[in-house]
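Novice: after the sequence you'll find the predicted model.
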Amino acid sequence: MINLVYNEMLKIVRKKRLFIIAAIVAVLVSLFTYAQFKQIETIRERIGTTDWRTQLQQQIIDTQNRLNSTGISEEWKKFLKIRLQQQQYYLDNDINPMAPGAPTFMRMFIENSIELFLPLLVMVIAADLVSSEASGGTIKLLLTRPVKRWKVLMSKYIAMILSTSFIVFSVALLSYAISGIVFGYGGWNLPLLTGFSIQGEELNTTAVHLIPQWKYLLIEFGLAFFVSLVVGTLTFMLSVLIRSTAAVMGIMLAALISGAILSSMVSSWESAKYLFMVNLRLTSYISGMAPPIDGMTLSFSMTVLAIWALGALIVSFYVFTKRDVY
Amino acid sequence: MEETLVVQDVRKTIGKKEIIKGLSFSLKKGEVFGFLGPNGAGKTTTIRMLVGLIRPTSGTISICGYDLQKQFTKAIQHIGCIVENPELYPYLSGWENLEHFARMVPEITAHRIQEVVELVGLQNRIHDLVRTYSLGMRQRLGIAQALLGKPTVLILDEPTNGLDPVGIREMRQFIRSLAEKEQLSVLVSSHLLSEIQLMCDRVAIMSKGQIIRIDTVEHLLQEQARTYWSVDPVDKAKQILQNETTVLGEKDGALVTMYESNETIARCNARLIEAGIYVSGIERKLPTLEDLFIELTGGETID
């Protein structure tokens, strides 16, 4: 089995996929670091001070202004109210939510990439794991060895898990290393609030408590890894079912993007919460953002994702071991 | 002689259509067995069933005594194959490709890889990327890959495809030597009839999912031998010959009859001379496998 996994990893590495992904991450992190840097500068200019309290107060005023303006939807209003409560809580408790530093940047980066960017990277690897063998014809050589079919597929699945780990790890490492050049490498022990829960329109703060940033990051990256594995498994299934890598990527891309769009407009379509793509923003539950549909919780989302992944895995193995190869 | 691959009443139905309608044949140790048939006759489907890529709807395939369905890994261990084109990983070198497949089979050493590389004569380019190989070199690498696990049965789908005339000749000699020296059973499918004729001991002719004939090449051709008569006048000669033997027709101004025996020829010749017919030539000809093939399959086209 180790030999088989070695084979699969060799193929992934020799296709230079992992290298390309690391390069994409490096470029994007640099881009966002610069954007973040610019944003902080603009805020500084506007407020004319670097004091974060005045910044936060300014933000609260901004939010209140938006709340009072007409022509915004009821849902958006609800979200803004919750946000306002949260910001007020930070101010009252003397906590700087935007404290710059590489770990803070990492946190923001992973929160924003968990839904689309990270799944996309995983998809690039997982999409052609099986389909490229089918379209290249090498599947015929692979399946005429004295190795059972499920073992061949298992080795590919393990290779997918290893690559996913590599991707999540390199996102963490690169976002820390690159943003640290600008923001400094400190801030691991910054206390952060977590434990927000949203009940109806109220932000429930009874369970809110402080944890150091490194712990917070560990939780978020853990969730990001889980999401990546689920997306990887779903892509893997499509890769087994479809010969064309481009088609696999197309379908997966459509699903992911529709998830991003749906999350912002499905609050009244309740059964949409069983779709995997609206459940990808797991980090929102930690930072206390409103879920797209009422009644969604962290454990609910994780269960939905786990069931989808399990289903995909069963389909993959069943089809791969039974199918006639032409 | 020992039988290495035994196929019994294998059928394959896809949807409602029966594509393979009950094949039975067996391969002996040290022989080259040819598989001949027009496009769509089911050659490739059959070969894919023999190597476990397609599950037969019914029937059994056993390799060295192991049932392919029930003891897959044990059975497939004795098979080396190329199905259709030798598709290998273009982004790896030839050597890495061989290493890749060697890792999937227990106990293949670097020494064995070196051995097969030398056997197919690729030692000079083996560390180059497969992307840079010519089709002939890929074909050789494909054979090297098939021989890696020391198989007893070698299955080659169109092994001379894309080779130049020198390459074809080399490949033919190579396949013959594998059968004769290493005592491998080799199953070769080809659309080049001349290839099969030169290379194979026995041949199976397939048409529409069935084997219509299995026999040794010599025997098949022998049976269909023809006698060509160059005579004048043709019409009168035809009448006389019809009394003595079967006249099949005319070709290039000569009458064609079945070849029965030398005595028949002598007797016919005597009759013709008695009747005052001018006989300028009598020739006994073996048909090509192509003639035979067209005759057996009722003129189905092959490319």
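Specialist: Done, it's in. Numbers count the residues shown, from 1 in each chain, chains lettered A, B, ... in the order given.

Novice: B:Cys81 pairs with what?
Specialist: B:Ile155 (DSSP bridges).

Novice: who's in contact with it?
Specialist: Contact partners of B:Cys81, counting by CB atoms under 8 Å, 6 or more residues apart in numbering or on different chains, are A:Thr144, B:Ile47, B:Leu50, B:Val51, B:Ala146, B:Leu154, B:Ile155, B:Leu156, B:Asp157. The way it works is simple: take the backbone N, C-alpha and C, and place the C-beta from them, glycine included.

Novice: report pLDDT for it.
Specialist: On the pLDDT scale, B:Cys81 is placed at 88.

Novice: and the gap between A:Thr144 and chain B?
Specialist: 5 Å (CB to the nearest CB, to the nearest Å).

Novice: with A:Leu217 instead?
Specialist: If you go by CB to the nearest CB, the gap between A:Leu217 and chain B works out to 36 Å.

Novice: who in the stretch 51-200 of chain A is up against chain B?
Specialist: Contacts of the stretch 51-200 of chain A with chain B, taken as CB under 8 Å from any CB of the partner chain, map to A:Gly136, A:Gly137, A:Thr138, A:Lys140, A:Leu141, A:Leu142, A:Leu143, A:Thr144, A:Arg145, A:Pro146, A:Val147, A:Lys148.

Novice: among the residues you listed, which ones are buried?
Specialist: A:Gly136, A:Thr138, A:Lys140, A:Leu141, A:Leu142, A:Leu143, A:Thr144, A:Arg145, A:Pro146, A:Val147 (16 or more other CB atoms under 10 Å in any protein chain shown).

Novice: pretty sure the second one contacts B:Asn85?
Specialist: The one in question is A:Thr138. No: counting by CB atoms under 8 Å, A:Thr138 does not reach B:Asn85; the two are 10.6 Å apart.

Novice: and stretch B:275-292, how far apart are its ends?
Specialist: 33 Å (CA to CA, to the nearest Å).

Novice: show the backbone phi and psi for B:Glu58.
Specialist: Just to correct that, residue B:58 is Ser rather than Glu. The phi and psi values for B:Ser58, taken as degrees, to the nearest 10, are phi -150, psi 170.

Novice: now the one 5 residues further on
Specialist: Main-chain torsions, B:Ile63, degrees, to the nearest 10: phi -120, psi 120.

Novice: B:Ala146 too?
Specialist: phi -70, psi -30.

Novice: and it, what pLDDT?
Specialist: We have a pLDDT of 89 for B:Ala146.

Novice: one more: the one 3 residues further on?
Specialist: B:Gly149 carries a pLDDT value of 84.

Novice: which SS state does it fall under?
Specialist: Secondary structure state of B:Gly149, per DSSP: H, G, I helix; E, B strand; the rest coil, is coil.

Novice: and the pLDDT for A:Thr50?
Specialist: A:Thr50 is given a pLDDT of 61.

Novice: same deal with A:Thr33?
Specialist: Value listed for A:Thr33 in the pLDDT field: 87.

Novice: just checking, it touches A:Ser179?
Specialist: Yes: judged on CB under 8 Å, A:Thr33 makes contact with A:Ser179 at a distance of 4.6 Å.

Novice: mind listing the shared neighbours of these two?
Specialist: Shared contacts of A:Thr33 and A:Ser179, defined by CB under 8 Å, 6+ apart, are found at A:Phe105.

Novice: returning to that earlier point: turn the buried ones among the residues of the stretch 51-200 of chain A next to chain B into JSON lines, columns for distance to B:Ile175, pLDDT and secondary structure.
Specialist: Compiled in JSON lines, these are given as follows (distance: CB to CB, whole Å; pLDDT from 0 to 100; DSSP: H, G, I helix; E, B strand; the rest coil):
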{"residue": "A:Gly136", "distance to B:Ile175": "26", "pLDDT": "84", "secondary structure": "helix"}
{"residue": "A:Thr138", "distance to B:Ile175": "23", "pLDDT": "89", "secondary structure": "coil"}
{"residue": "A:Lys140", "distance to B:Ile175": "20", "pLDDT": "89", "secondary structure": "helix"}
{"residue": "A:Leu141", "distance to B:Ile175": "20", "pLDDT": "88", "secondary structure": "helix"}
{"residue": "A:Leu142", "distance to B:Ile175": "25", "pLDDT": "89", "secondary structure": "helix"}
{"residue": "A:Leu143", "distance to B:Ile175": "24", "pLDDT": "89", "secondary structure": "coil"}
{"residue": "A:Thr144", "distance to B:Ile175": "19", "pLDDT": "88", "secondary structure": "coil"}
{"residue": "A:Arg145", "distance to B:Ile175": "22", "pLDDT": "88", "secondary structure": "coil"}
{"residue": "A:Pro146", "distance to B:Ile175": "23", "pLDDT": "88", "secondary structure": "coil"}
{"residue": "A:Val147", "distance to B:Ile175": "27", "pLDDT": "89", "secondary structure": "coil"}
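
Novice: the residues you listed: which two are farthest apart?
Specialist: Using CB to CB, the pair of these lying farthest apart is A:Gly136 and A:Pro146, separated by 21.7 Å.

Novice: one step back: closest to A:Gln85 out of the buried ones among the residues of the stretch 51-200 of chain A next to chain B?
Specialist: Ranked by distance to A:Gln85 (CB to CB), these are led by A:Gly136 at 55.7 Å.

Novice: helix, strand, or coil at the closest residue to the closest one other than its chain neighbours?
Specialist: The shortest distance from A:Gly136 to any non-neighbouring residue, by CB to CB, 6 or more residues apart in numbering or on different chains, is to B:Glu87 (5.8 Å). Three-state call for B:Glu87 (three-state DSSP): coil.

Novice: need the contact list for B:Glu87.
Specialist: By CB under 8 Å, 6+ apart, B:Glu87 lies in contact with A:Gly136, A:Gly137, A:Thr138, A:Lys140, A:Leu141.

Novice: how much space between the second one and A:Glu41?
Specialist: This means A:Gly137. 55 Å (CB to CB, to the nearest Å).

Novice: smallest gap between chain B and chain A, at which residue?
Specialist: B:Glu87 (3.3 Å; CB to the nearest CB).

Novice: surely B:Gly281 is within a helix?
Specialist: No: counting by three-state DSSP, B:Gly281 is not found in a helix; it is strand.

Novice: returning to what we had before: looking at A:Thr33 and A:Ser179, which one has more neighbours?
Specialist: Using other CB atoms under 10 Å in any protein chain shown as the criterion, A:Thr33 and A:Ser179 rank with A:Ser179 on top: 27 against 20.

Novice: quick one: low-confidence parts of the stretch 151-300 of chain A?
Specialist: Filtered on pLDDT under 70, the stretch 151-300 of chain A yields the residue ranges A:187, A:189-193, A:195-210, A:266-267.

Novice: run through the helices of it in chain order.
Specialist: A:213-241, A:245-263, A:283-287, A:298-322 (DSSP state H, counting those that start in this stretch).

Novice: residues contacting the residue of chain A found nearest chain B?
Specialist: Nearest residue of chain A to chain B: A:Gly137, at 3.3 Å (CB to the nearest CB). Counting by CB under 8 Å, 6+ apart, A:Gly137 touches B:Glu84, B:Asn85, B:Glu87.

Novice: if we use 10 Å, what do you get?
Specialist: Counting by CB atoms under 10 Å, 6 or more residues apart in numbering or on different chains, A:Gly137 touches A:Val325, B:Val83, B:Glu84, B:Asn85, B:Pro86, B:Glu87, B:Leu88.
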